[in-house]
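**Q** Got a predicted model here, sequence first, then my questions.
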Amino acid sequence: MDSAKGHKIIGSELSKAVSDRLGGETLTRCYQCGTCVSSCPVARITDKFNPREIIKLSLLEEMDEVLSSDSIWLCCSCYSCQERCPQKVEIADVIYAIRNMAFEKGYIPNIYSEFASAILQDGRIVKISKFVEQKRSSIGLPPLTPTGVDALRKILSATGFDKLQRKEEEA
Amino acid sequence: MDEVKVGVFLSDCGKQLSEILDFDTLIDYVKKIAGVSFIVRGSEFWRGKGLQSIIDAVRDGKINRVVVSESLAKLSDVKIVEAVGKAGLNPYLVEVINLEEHCGWPHRNTPSEATEKAKAMLLAAVERAKLLEPIEELEFPVLKSALVIGGGIAGIQVAEDLADLGFKVHLVERKPFLGGLAARAGRFFPTDDCAICIQSPTTDVKTITHTSRKCVYRSGFSEIPNLEILTNSKVIGVEGVLGNYKVTIEKKPRYVNETKCVLCDKCTAVCPVEVPDEYNAKLNTRKAIYMNIPNVYPPAYVIDQNICKFHECAKCVEACPTNAIELNQETEQVKLNVGAIIVSTGFEEFDASVIKEYHYGDYPDVITNLELARMIDGFGPTAGKIVKPSDGKPAEKIVMIQCVGSRDRRWKPYCSSICCMISLKHAMLMKSIYPDADIAICYIDIRTTGREHEYYYEEAREMGIKFVKGRPTEISRDTQANKLIVDVEDALLNKILELEADLVVLAPAMVPAEGTKELAEVLGLELCEDGFFKEYNAKLRPTETKLRGIYLCGGATFPKDAPTSSLHAHSAAVKAAKFLTTGKIIKDQRTAIVNEDYCGDCEFCPVTCPYGAISLEEIGEGHFVAKVSDILCEGCGICVGTCPLNAIELRHSRPDQMQAQMRGLMSVNGTSKPLVLAICCSECGHAAVDSSGMAMMQYPANVRIMEVPCTGILQVHQFFEAFRAGAEGVMVVGCKSDGCHYEVGVQKAEKKVELAKILLKEYGIEPERLGMFNMIFIEGNKFVEAAKTMTKRLEKLGPLQLMSGS
């Protein structure tokens, strides 16, 4: 159904790409019962996140809508949905697979981008601020020492993460 | 043995075939084959003058082996074999081949090549015919009696059918009363009548039985002559074979004499032991001496031996006015001898308590459909009122949850198929009792297939029953208000709902009845992955099993609604009656035979035989040999293919017969292409070849067809024999991997082909010269494709180089 609005539905570009990824294999099992949604603590407080809908849109090949949406980044990875899914869809893992695809396409919220560069630079997600240092010394904790960031960089380069991140930064 | 005199009867199919094949050449060729003493050319041999010429030749003693070439071999085969038998020759000394579909039609564009192939086919047939041996017919007795296991709606109907037809029927029910799950359901869809209502048997003289239907207990069912009902009884042993089973039944004591009990209720009134009533979902209590509901069969109380204090108390004995209570009854073993067994053990509800988030078994107000059915039933624990079990107050807000444990990969992956209709029926019954009740059904998909079923869905909506598309994640409890809360997303609204409920009704998956696995072991029957009994063939033999003589019906094979269970019961009855009615089984000895001199102590064939036809018998001290049961053997030859010592053969497909056939087929080429032997199973493989011929599809004449009972008969060395006989390539053509007519034969063949390929490589022969092909009848085009591909492949490989001595 190639309608004027550009909805795909026929085809398998997105659903196949997700199913082929680690964690995305169980996508096509979904029969839309919504157990994931009623199990989800995020969906309870905001209607911006609906795991069933992410899966439905993926199955209907709505590539841009899925990859560019903010909602895929709202999953808190509590795995409640996955525990209760009667079709054993690995929902949280499917969402991770989709996030990876989004990341590769350059769809990434700023906060995650910042996290990524912080990891590459310091080996930490959260930068060490003066506030943190003061707080630590006030309760008698020793100052933070540099992490083994060289080893981490090696790992990140082996996985290709650094290149992706650089591409993201250039963009 | 007399001198072999082969008669060859060549049909030119109304002179159509002789337009392609040169019949004069063929007749000259056949004349020269040693042992051929009689040749006739005609236009048809399966009827009329042609058939008479065969009969005359046999009667006059001119021939003692018959080779016929006819079209559509499968049909003409029957007529010719039958006529030869009547003429006084053993009917298994006949070899019918098909020069039309296997030669003339598929090679019509290369007539001279076709004629050469026909020569090879005729030589193969004559050589095989010369080696054929007479095969005898055996007769086995069939007792005109049947055992029906399970007295629910299916078992009752199959027992009634068979007893009405005059067979002796023993109906065995595990529980103290007949009725099974159906009776507890109260009412049925789509007839909206009582669950325990059955058709009056034809022996019921009180009513006009064609139109009458009545409760089980007053239908006259129990009074059908020939029918014996054993309740509180369990089948614990079955020995023997079809037609003659020896059955052992353990009959637990009832402690109440069925013939004396007058149902006055005095015993239950004085009984001091009281327990929750499991029949009524523990919503009420019952005594140690009890009945489920008043209208059951047998009409007599029963004592629960697990809780009764017996002689310590004996109050009921004193109270009983007819001395019906017999506390000294003991467990009996009943021995029966029956010809057939029908399994109608049914199904039950899945234990929903394993789904922790629904708190079944923990929150009293979470119940199942069957428990709700007991409440709705006027005879039930609440006399038709819908209440909260926790406090007995009326339930006004009711939430129903579908697919509890079913369509769930963690528990039961299948759809139980009847729960949507059960819930709709229940919702509507509740709504009609309490029009103000607030009822919502949470569903994933509503499935209402079947006549009138969709109207239930329609009417339910009209009645104001609400439908929420979503599977709840959890049921929680507000203990202060004594309310339940159901968390569910309505997927159509994209909204999470918190449904308040007095009562939550689960629709659990339906699972095989308790004891199914145990009974399967006793009967030697297979179960499917889902735990239900496996039918022989879902399309053609839905009520039969792999074991002839044992039948299935009702929910024993899968959850069913009442109409389907009835259909199933009547089907099983016809199948069983068909088998029982003659009083005997006539079966020819086209079976396996063991050479005891070679057979030695391995267990390959008894383990491999799909029909359990082979057992090991001790003949010397510690020396075992295989014994084949002629009644169980289906003549497939899988045992032959499995035997490592060549100690087992099929009477109708001996190795020398197969070899002679193979050599004949490879004796003449007549084409410029490499010879290919296509070994086809007699079922789908051969049928695919037939269908390619019928459709006149063309493939080269170097491809020669050899039929075997099942590809499972093949041994690795036979592929080498084929190469030695002149084949440059071998095709094995069998059924689909999961569609073998003999269960596992084609899978065995696939493995042997793989193994042979490794060996071929060792001998310096290209493994691609051997190929396995799986197809079904309608795939004639696939056979043609495979034949062409194999031929091209061999042409590319060049001539086969056999090392001397290999």
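**A** Noted; the coordinates are in hand. Numbers count the residues shown, from 1 in each chain, chains lettered A, B, ... in the order given.

**Q** can you tell me which helix or strand the most centrally placed residue in chain A belongs to?
**A** Nearest to the geometric centre of chain A sits A:Arg99, at 3.7 Å (C-alpha atoms, centre = their mean). Element membership of A:Arg99, judged by DSSP states H and E, is helix A:91-104.

**Q** circling back: could you measure from the residue nearest to the centre of chain A over to A:Pro109?
**A** Per C-beta to C-beta, to the nearest Å, A:Arg99 is found 10 Å from A:Pro109. C-beta here means a position set from N, CA and C on the backbone, and glycine is covered the same way.

**Q** Need the residues touching each of the two.
**A** Common contact partners of A:Arg99 and A:Pro109 (C-beta atoms under 8 Å, 6 or more residues apart in numbering or on different chains): A:Trp73.

**Q** Spell out which parts of chain B neighbour chain A.
**A** Taking C-beta under 8 Å from any C-beta of the partner chain as the measure of proximity, chain B contacts chain A at B:357, B:403, B:407-410, B:444-445, B:469-474, B:487-491, B:494-496.

**Q** just to revisit the earlier point, show me the contacts for the residue nearest to the centre of chain A.
**A** A:Ile72, A:Trp73.

**Q** could you measure B:Ala373 against B:Gly693, distance?
**A** Taking C-beta to C-beta, one finds B:Ala373 at 59 Å from B:Gly693.

**Q** Spatially nearest residue to B:Pro606 (excluding sequence neighbours)?
**A** Spatial nearest neighbour of B:Pro606, excluding adjacent residues (C-beta to C-beta, 6 or more residues apart in numbering or on different chains): B:Ile614 at 4.4 Å.

**Q** what about that neighbour, how many neighbours?
**A** A total of 24 residues lie near B:Ile614 under the criterion other C-beta atoms under 10 Å in any protein chain shown.

**Q** just checking, it touches B:Cys639?
**A** Yes. Judged on C-beta atoms under 8 Å, B:Ile614 makes contact with B:Cys639 at a distance of 6.1 Å.

**Q** list residues touching both of those two?
**A** Common neighbours of B:Ile614 and B:Cys639 (C-beta under 8 Å, 6+ apart) are B:Ala592, B:Cys605, B:Ala626, B:Val628.

**Q** excluding its backbone neighbours, what's nearest the first one?
**A** Leaving out its chain neighbours, the residue that sits closest to B:Ala592 by C-beta to C-beta, 6+ apart is B:Val628, at 4.7 Å.

**Q** what do you get for A:Asp47?
**A** Closest to A:Asp47 by C-beta to C-beta, 6+ apart is B:Asn494, at 6.8 Å.

**Q** Just to check, the one you found is in contact with A:Ile54?
**A** No. Applying C-beta under 8 Å, one finds B:Asn494 not in contact with A:Ile54, separated by 12.0 Å.

**Q** Contact partners for residue 77?
**A** Just going to use chain A. With C-beta under 8 Å, 6+ apart, A:Ser77 has these contacts: A:Ala92.

**Q** Chain B is the one I meant
**A** Applying C-beta under 8 Å, 6+ apart, we find B:Asp77 in contact with B:Glu70, B:Val96.

**Q** How about the one 10 residues further on?
**A** Taking C-beta under 8 Å, 6+ apart, we find B:Ala87 in contact with B:Ile54, B:Ile55, B:Val58, B:Arg59.

**Q** so who does B:Cys442 touch?
**A** By C-beta under 8 Å, 6+ apart, the neighbours of B:Cys442 are B:Val399, B:Met400, B:Ile401, B:Gln402, B:Val468, B:Gly470, B:Arg471, B:Pro472, B:Val486, B:Val488, B:Leu499.

**Q** Confirm it sits in a strand?
**A** Yes. Counting by DSSP: H, G, I helix; E, B strand; the rest coil, B:Cys442 falls inside a strand.

**Q** Show me the beta-bridge partners of it.
**A** B:Ile401, B:Val468 (DSSP bridges).

**Q** ok, back up a step: neighbour count for B:Asn494 and A:Ile54, which is higher?
**A** A:Ile54 (23 against 14).

**Q** Please name every helix or strand in contact with the helix or strand harbouring B:Phe9.
**A** For B:Phe9, the element it lies in under DSSP H and E is strand B:6-11. Here strand B:6-11 touches helix B:23-31, strand B:36-42, helix B:48-59, strand B:65-69, helix B:111-131, going by 3 or more C-beta pairs under 8 Å, 6 or more residues apart in numbering or on different chains; DSSP states H and E.

**Q** any weak-confidence spans in chain A?
**A** The model of chain A has pLDDT under 70 over residues A:1-11, A:165-171.

**Q** got the residues of it near chain B?
**A** A:29, A:31-35, A:37-39, A:43-44, A:47, A:50, A:52-53, A:84, A:86-88.

**Q** Out of the contacts of B:Ala87, which is nearest to chain A?
**A** B:Ile54 (61.2 Å; C-beta to the nearest C-beta).

**Q** tell me the pLDDT at that closest one?
**A** Looking at B:Ile54, its pLDDT is 96.

**Q** what ranges do the helices span in chain A?
**A** Remark: helices assigned in chain A by DSSP state H are A:13-19, A:35-39, A:41-45, A:51-59, A:63-68, A:80-84, A:91-104, A:110-122, A:130-138, A:149-158, A:161-170.

**Q** which of the ones you listed sits most buried?
**A** Scoring those by mean neighbour count under mean count of other C-beta atoms under 10 Å in any protein chain shown gives helix A:35-39 as the most buried, with a mean of 28.
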